[in-house]
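S.K.: Fold the following and give me the result.
(one chain, ligands or ions: 2)
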Amino acid sequence: MLTATTLEQTREEMHEILRGIVPEVEIDYKAEIAFEINKLKKEKNAIILGHNYMEPALFHSIPDHVGDSLGLSRIAAKADADIIIFCGVEFMAETAKILNPTKTVLLPAAKAGCSLAASITAQDVRNLKAKFPGVPVVTYINTYADVKAETDICCTSGNAAAVINSLDSDSVIFLPDEYLARNVAEQTGKNIIVPTTNGANVTFDTSNPDFNMIGWHGKCEVHDKFSVEDIQNIRLQFPDVAVVSHPECSPEVVQASDFAGSTKEMINYVKDVDAERYLLLTECSMGDNIAAAIPEKDMLRLCSVRCPHMNQITMEETLDALRYNQYEIHIDEDIRQRAAQSVERMIAIG
Ligand code: 13P
Ligand code: SF4
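M.R.: Numbering: from 1, shown residues only. Ligands and ions are numbered 1, 2, ... in the order given. You can find the predicted model right below:
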């Protein structure tokens, strides 16, 4: 976070951090917006939370806290500012409102969705509970509040295995990310079934009763783009590369990687790994953010892979969010209370 109190200092600090990552002219322009935001933030008693996927100029200049979904949920729950501005996607801002309902929570874009959150409805969860009665439901945090409200406990990519292991049950319904579910099934020794889909029809093959994990067909449109061939090609050119992926990648990609973890765990791995270069299989803005923070290591990546939803959040929109109190998150109170139970259970297990 910047320590600058004047526009000149803001410019200097941003050039220092972002040199070689962001064009100079863009840094000058964004320093002016950052200065305005940081001034207004104090006047309005607001805090800004920034997900690791925010673009580098925003990421390094205006958030009070940056991190992964789990870390930012924890901070949102305890925030005592009047306004929480969530520079992330809608389900993240919703989670902040679920955990801290008396605060004004703002998302700086009218729409910043997520292909995983869009892959399942509350009615889908009710149907699954009717089909597999008594089986606890674990739901990835990348879902909307009404889905969380139907859930026993939430998880993030950083604690999914720990959440499953905390349940007093052999079987579990794990929603909605098929790849994360398969990766966690591998980690926790579960036999998973996932549905086949034909339009709105969702069917499970339960003919072999030897299953104790039930998944869904959601996918992250960003992490679905990475393939084992990408890793093989890079390893051919750079045999010493450390390959780091997010568990929303396919199980084949995760198995071909040296490490898989949440966005925060990926950053920590790159900091600690004894390798001169690394390949990041995740949203590319995070690559820029790591490159700015760890300039001594050589980053390889597939630069075209961006999350179109995270990209909706810009510094200009964040300034407007502060100026005009937009776009405020509202959640029906009954849904919020039920969703809060599932998120708070997750936070309680650590
Ligand atoms: P993290 O929980 O690892 O921050 O990831 C959130 C996300 O949306 C990844 O695509
Ligand atoms: Fe959703 Fe994937 Fe974007 Fe993360 S990267 S917000 S999971 S679409």
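S.K.: Now do the contacts for the most centrally placed residue in the chain.
M.R.: Note on the chain: the residue nearest the mean C-alpha position is S69, at 4.9 Å, using Cα atoms, centre = their mean. S69 makes contact with 51, 88, 92, 95, 141-142, 156-158, 262-263, according to Cβ atoms under 8 Å, 6 or more residues apart in numbering. (Glycine included, C-beta is placed from N, CA and C.)
S.K.: repeat that for 7 Å
M.R.: 92, 141, 156 (Cβ atoms under 7 Å, 6 or more residues apart in numbering).
S.K.: do the same with K97
M.R.: 105, 329, 331.
S.K.: Turn the residues you listed into a markdown table, including neighbour count.
M.R.: As requested, those are exported to a markdown table (neighbours: other Cβ atoms under 10 Å):
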| residue | neighbour count |
| --- | --- |
| V105 | 26 |
| I329 | 21 |
| I331 | 20 |
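S.K.: still on that earlier bit, how close does the residue nearest to the centre of the chain sit to T3?
M.R.: 27 Å (Cβ to Cβ, to the nearest Å).
S.K.: For the residue lying closest to C87 once chain neighbours are set aside, give the beta-bridge partners.
M.R.: Excluding its sequence neighbours, the residue lying closest to C87 (Cβ to Cβ, 6 or more residues apart in numbering) is G50, at 4.4 Å. Beta-bridge partners for G50, by DSSP bridges, are V66, C87.
S.K.: from memory G50 sits against A57, does it?
M.R.: No: between G50 and A57 there is no contact under Cβ atoms under 7 Å: 11.2 Å.
S.K.: which residues does the closest residue to ligand 2 within the stretch 51-200 of the chain contact?
M.R.: Using Cβ to the nearest ligand atom, the closest approach of the stretch 51-200 of the chain to ligand 2 is made by C114 at 3.2 Å. Listed by Cβ under 7 Å, 6+ apart, the contact set of C114 reads 89, 91, 142, 309.
S.K.: Of those residues, which is the most crowded?
M.R.: N142 (28 neighbours; other Cβ atoms under 10 Å).
S.K.: residue contacts, it?
M.R.: 91, 114, 116-117, 177.
S.K.: Of those residues, just say which sits nearest to ligand 1.
M.R.: Nearest to ligand 1 among those: C114, at 6.4 Å, using Cβ to the nearest ligand atom.
S.K.: Help me confirm that F174 is found in a helix?
M.R.: No: counting by DSSP: H, G, I helix; E, B strand; the rest coil, F174 is located in no helix; its state is strand.
S.K.: list the contacts for it?
M.R.: Contacts of F174 by Cβ under 7 Å, 6+ apart are 138, 181, 184, 213-215.
S.K.: Now the two most distant members of those residues.
M.R.: V184 and I214 (12.5 Å; Cβ to Cβ).
S.K.: out of the two, which sits in the busier spot?
M.R.: V184 (26 against 23).
S.K.: Who are the packing partners of the longest helix along the chain?
M.R.: When the chain is parsed with DSSP state H, its longest helix is helix 24-43. Other elements packing on helix 24-43 under the criterion 3 or more Cβ pairs under 7 Å, 6 or more residues apart in numbering; DSSP states H and E are helix 7-18, helix 56-59, helix 315-324.
S.K.: Quick one: distance of it to the chain centre.
M.R.: 25 Å (Cα atoms, centre = their mean, to the nearest Å).
S.K.: How about stretch 328-336?
M.R.: Mean-position distance between stretch 328-336 and its chain equals 21 Å (Cα atoms, centre = their mean).
S.K.: what's that stretch in contact with?
M.R.: 93-94, 97-98, 101, 104-107, 145-146, 149.
S.K.: And it, end to end?
M.R.: Length of stretch 328-336, first residue to last, Cα to Cα, to the nearest Å: 15 Å.
S.K.: Buried ones in it, by neighbour count?
M.R.: 329, 331, 335-336 (16 or more other Cβ atoms under 10 Å).
S.K.: need these in CSV with distance to ligand 1, pLDDT and secondary structure, can you?
M.R.: What follows is the buried residues of stretch 328-336, written out as CSV (distance: Cβ to the nearest ligand atom, whole Å; pLDDT from 0 to 100; DSSP: H, G, I helix; E, B strand; the rest coil):
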residue, distance to ligand 1, pLDDT, secondary structure
I329, 17, 98, coil
I331, 20, 98, coil
I335, 21, 98, helix
R336, 21, 98, helix
